[in-house]
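[1] sequence and predicted structure, then a few things I'm wondering about:
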Amino acid sequence: MRKVAILVDGNFYLRRHHSHFGAKRASNPRKVARDLWIHCMKHLDRDKDQIYRILFYDCPPVTKRVHHPLTNNAVVLEKTATAIFRKAFFKEIVRWGNVALRLGHLDEDNARWHIRDPKLHKQVITGRQPAANLTEDDYVYLAPQKGVDMRIGLDIASLTLKKLVDKIILISGDSDFVPAAKLARREGVQFYLDPMRNPIRPDLSEHIDGLKTTLPPLPPALPKPPQV
């Protein structure tokens, strides 16, 4: 049996899950955890593969007190929906066997308020949407992740050089993994990428053994009713 490690870029997975399944399902920690488990297990060939470990990489949420840029009201980030979801989701996945939670940290010194919807942000920047029309819910407080990519790279190298696995599956849309993927393949470890239907650079195919996603396809759009 081939031993398989599945490495999950957590922030990437949660964003793609939200885009694919919608906000309602993406706000339920238990359902998202179940979706993640199914997503990972579908990568395994039952006759050939044995799961070594699922490694989930993310950062604990920011918990400090900040002021909203629109209203100047105090916001306790620990009590926001994002922080509550992350904590509950982490508790769900660590209850599984063969799962490890790898946490980096958020760079609070460079955290900023952003417009939540990229399309709305672009409309404001181009002047098609007046900034005065924005509401409190249009903003989100974001901090850059630190240490996540480094942990992914180190774990790929460690799994490879210690010969703990025969196959690595990385769920990510980032290209920073390429040096680690090259090392794994040189040492005889199969390396597969799951970008969850996210576009990736065409030249990445030369650095991996396969490209596959287990994300279910979206249902076909319903036909528009005829004009009367």
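    Yep, it's here.

[2] for L183, give me its contacts.
    156-157, 160 (CB atoms under 8 Å, 6 or more residues apart in numbering). The C-beta positions use only the backbone N, C-alpha and C, and glycine is treated the same way.

[3] scan those residues and report the most crowded one.
    I156 (24 neighbours; other CB atoms under 10 Å).

[4] just the pLDDT for that one.
    pLDDT, I156: 97.

[5] which residue packs closest to it, ignoring adjacent ones?
    Ranked by CB to CB, 6 or more residues apart in numbering and with sequence neighbours excluded, the top spatial neighbour of I156 is A180, at 3.9 Å.

[6] ok, which stretches of the chain are strands?
    Along the chain, the stretches classed as strands by DSSP state E are 2-9, 49-58, 65-67, 74-76, 99-103, 105-106, 112-115, 139-142, 145-146, 167-171, 190-194, 210-211.

[7] what's in contact with the longest one?
    For strand 49-58, the external contacting residues (CB under 8 Å, 6+ apart) are 1-11, 14, 36, 40-41, 43-44, 86, 90, 93, 96, 98-104, 148, 151-152, 155, 159, 164-165, 167.

[8] do the same with the first one
    Among residues not part of strand 2-9, those counted as contacts by CB under 8 Å, 6+ apart are 36, 40, 43-44, 48-57, 148, 152, 155-156, 159, 164-174, 190.

[9] filter these down to the buried ones, ChimeraX style.
    Those of the contacts of strand 2-9 that count as buried under 16 or more other CB atoms under 10 Å are selected in ChimeraX with:
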select :36,40,43,44,49,51,52,53,54,55,56,57,148,152,155,156,159,165,166,167,168,169,170,171,172,173,174,190
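
[10] any chance of the contacts of L183 in CSV, plus distance to D194?
    Listed next are the contacts of L183 as CSV, based on distance: CB to CB, whole Å:
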residue, distance to D194
I156, 15
A157, 20
T160, 18
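
[11] need the helices for the chain, in chain order.
    Assigned helices in the chain, in chain order: 10-21, 23-26, 29-41, 81-94, 118-125, 148-161, 178-186 (criterion: DSSP state H).

[12] what about the first one, average pLDDT?
    It stands for helix 10-21. Helix 10-21 comes out at a mean pLDDT of 93.

[13] which elements pack onto that helix?
    helix 23-26, helix 29-41, strand 49-58 (3 or more CB pairs under 8 Å, 6 or more residues apart in numbering; DSSP states H and E).

[14] point out where the chain drops to low pLDDT.
    Along the chain, segments meeting pLDDT under 70 span 218-228.

[15] one more time with 80
    Within the chain, the stretches with pLDDT under 80 are 174-175, 202-203, 217-228.

[16] D117 and D138 touch, don't they?
    Yes: between D117 and D138 there is a contact under CB atoms under 8 Å: 7.0 Å.

[17] out of these two, which sits in the busier spot?
    Counted by other CB under 10 Å, D117 and D138 do not tie: D138 has more neighbours, with 17 against 12.

[18] what's the separation between the more buried one and R65?
    The gap separating D138 from R65 is 21 Å, by CB to CB, to the nearest Å.
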